[in-house]
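Q: One predicted model, sequence on top.
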Protein chains: 2
Amino acid sequence: MAEINDDNKALIRFLNNLMPLSDEIIELAIQQTFNINVRKNSIITCPKEQTDDCLFLILKGIIRGFIIDEGKDITAWIVAENTLFGNIRNPGVLKPTYNEQYQALEDTDLIVLPYSFIDKLYDFFPETNILARKLLAINYHISQERSILSRIPSAESRYKQFQEGHPSIKFRVPLKYLASYLGMRVETLSRLRKKAKDDKN
Amino acid sequence: MAEINDDNKALIRFLNNLMPLSDEIIELAIQQTFNINVRKNSIITCPKEQTDDCLFLILKGIIRGFIIDEGKDITAWIVAENTLFGNIRNPGVLKPTYNEQYQALEDTDLIVLPYSFIDKLYDFFPETNILARKLLAINYHISQERSILSRIPSAESRYKQFQEGHPSIKFRVPLKYLASYLGMRVETLSRLRKKAKDDKN
């Protein structure tokens, strides 16, 4: 069996939580996934030498997903350790309107899961469709929460909601990205932060 | 084999588009799914006599998903014919913050898919996990689009985007729900609608 290191362990643990993995699946995961480190502020893409299309698991760091609409940079999501992100393939007929990009907001360690590996899982271990179904259901719910958050009419309530849901990352994200994610101006977010701090004292 | 009527056909066609269904699966679907009609403005729940938990396919009509946050009614999504909606089960540890409800915005015909039927599919026809994986990926992408839409800074751009994506339903939704979905006040939406009409003339 291939050698298990700490990074492999993190991936196995992440997947195992959703469905117990067989030794064969673990072996394939160790062989076909690999690590990359990206510097703060870099745009993240699948490493071209190894794979055209992939997902990423965050071992350490923080990532934002963003799109450009009419020249405006809009932060669509912000995720941290132990989250899977990347290009989730769309079997639907309606293609996404936007081209989503990913940016590291800290020096970040990632595990790369090439789609060639994921497709091998589906082909040789059909039970991994259950795993994928569960992962997608979780991601669907997280996406719905993001979608609801931005529709809360009061900026203060949106900020409060975010704070409660993400206590550990709220100070790791530059104001301009957090303001965009929360659908408010930077000045509004600064004011709300100051108010929250004053209320605490 | 059980009798196929037009409503069954719509369900089979919907699922078949994602994955060719075996005769056994079609037979089970015909036996275990059923129709309901709901009146305009009704809140939609799974029919208690038959099932505690279910999904719905819209045959005719239009539905909004909404949540109540601090006493405020927020429209999270609006869907029409040939869409599946309902309580997508969440295998994640983070439970949703909100209790989503569904309301018919027109007299609506639905097919009910009880979770007892869906679980039977997973148990007896494990290949239906592929179907579910694809459906969830599609729904994930739709949810992400909703999430991005509401973060577009300009109200006019949000309205334009919605118009382009949903040309057929924009006049079927009461202003107050559409305004909430688009994250703007009713007055703003009225003004944008009037402007769009004037620009056309």
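A: Perfect, I can see it now. Numbers count the residues shown, from 1 in each chain, chains lettered A, B, ... in the order given.
Q: contacts, neighbours, all on C-alpha from now
A: Noted.
Q: isn't A:Gln103 right next to A:Asn41, touching?
A: Yes. Between A:Gln103 and A:Asn41 there is a contact at 6.0 Å, judged by C-alpha atoms under 8 Å.
Q: Of those two, give the one with the bigger neighbour count.
A: Neighbours around A:Gln103 and A:Asn41, counted as other C-alpha atoms under 10 Å in any protein chain shown, are more numerous at A:Gln103. The numbers are 20 against 15.
Q: In three-state terms, label the more buried one for me.
A: Classification of A:Gln103 by DSSP: H, G, I helix; E, B strand; the rest coil places it in strand.
Q: Please name the nearest non-neighbouring residue to it.
A: Beyond its immediate neighbours in the sequence, the residue positioned closest to A:Gln103 (C-alpha to C-alpha, 6 or more residues apart in numbering or on different chains) is A:Ile43, lying 4.4 Å away.
Q: roughly how far apart are the single nearest residue of chain A relative to chain B and B:Asn5?
A: As assessed by C-alpha to the nearest C-alpha, chain B sits closest to A:Ser147 within chain A, at 4.0 Å. For A:Ser147, the distance to B:Asn5 equals 37 Å [C-alpha to C-alpha, to the nearest Å].
Q: Between those two, point out the one with more neighbours.
A: A count of neighbours by other C-alpha under 10 Å puts A:Ser147 above the other of A:Ser147 and B:Asn5, at 25 against 9.
Q: Skipping adjacent residues, who's closest to A:Phe117 in space?
A: Counting by C-alpha to C-alpha, 6+ apart, the residue nearest A:Phe117 is A:Gln32, at 6.1 Å.
Q: And the strands in chain A?
A: A:34-38, A:43-44, A:54-60, A:63-69, A:72-79, A:84-86, A:101-104, A:108-114 (DSSP state E).
Q: Tabulate these (a markdown table), appending distance to B:Asn16 and mean pLDDT.
A: Written out in a markdown table, the entries for the strands of chain A read as follows (distance: least, C-alpha to C-alpha, whole Å; pLDDT from 0 to 100):
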| stretch | distance to B:Asn16 | mean pLDDT |
| --- | --- | --- |
| strand A:34-38 | 37 | 96 |
| strand A:43-44 | 36 | 97 |
| strand A:54-60 | 28 | 96 |
| strand A:63-69 | 33 | 95 |
| strand A:72-79 | 32 | 95 |
| strand A:84-86 | 28 | 95 |
| strand A:101-104 | 33 | 98 |
| strand A:108-114 | 29 | 97 |
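Q: Neighbours of A:Ser116, how many?
A: Around A:Ser116 there are 13 other residues, counting by other C-alpha under 10 Å.
Q: Report the contact partners of A:Leu105.
A: Residues in contact with A:Leu105, defined by C-alpha atoms under 8 Å, 6 or more residues apart in numbering or on different chains, are A:Lys40, A:Asn41, A:Ser42, A:Gly61, A:Ile62, A:Ile63, A:Arg64, A:Arg172, A:Val173.
Q: Could you check how far the third one is from A:Thr75?
A: Relative to A:Thr75, A:Ser42 is positioned 15 Å away (criterion: C-alpha to C-alpha).
Q: Same drill for these two, tell me which one is more crowded.
A: Neighbours of A:Ser42 and A:Thr75, each counted by other C-alpha under 10 Å, are more numerous for A:Thr75; the result is 25 against 15.
Q: Okay, now the unreliable bits of chain A?
A: A:1-2 (pLDDT under 70).
Q: Select the longest helix from it.
A: Longest helix of chain A, by residue count under DSSP state H: helix A:128-149.
Q: by contact count, what packs against that helix?
A: Applying 3 or more C-alpha pairs under 8 Å, 6 or more residues apart in numbering or on different chains; DSSP states H and E, one finds that helix A:128-149 makes contact with helix A:115-124, helix A:155-165, strand B:72-79, helix B:128-149.
Q: quick one, what contacts A:Ala137?
A: For A:Ala137, the contact set (C-alpha under 8 Å, 6+ apart) comprises B:Ile88, B:Arg89, B:Asn90, B:Pro91, B:Leu136, B:Tyr140.
Q: Spatially central residue in chain A, please.
A: Compute the mean C-alpha point of chain A, and by C-alpha atoms, centre = their mean the closest residue is A:Phe85, 3.7 Å away.
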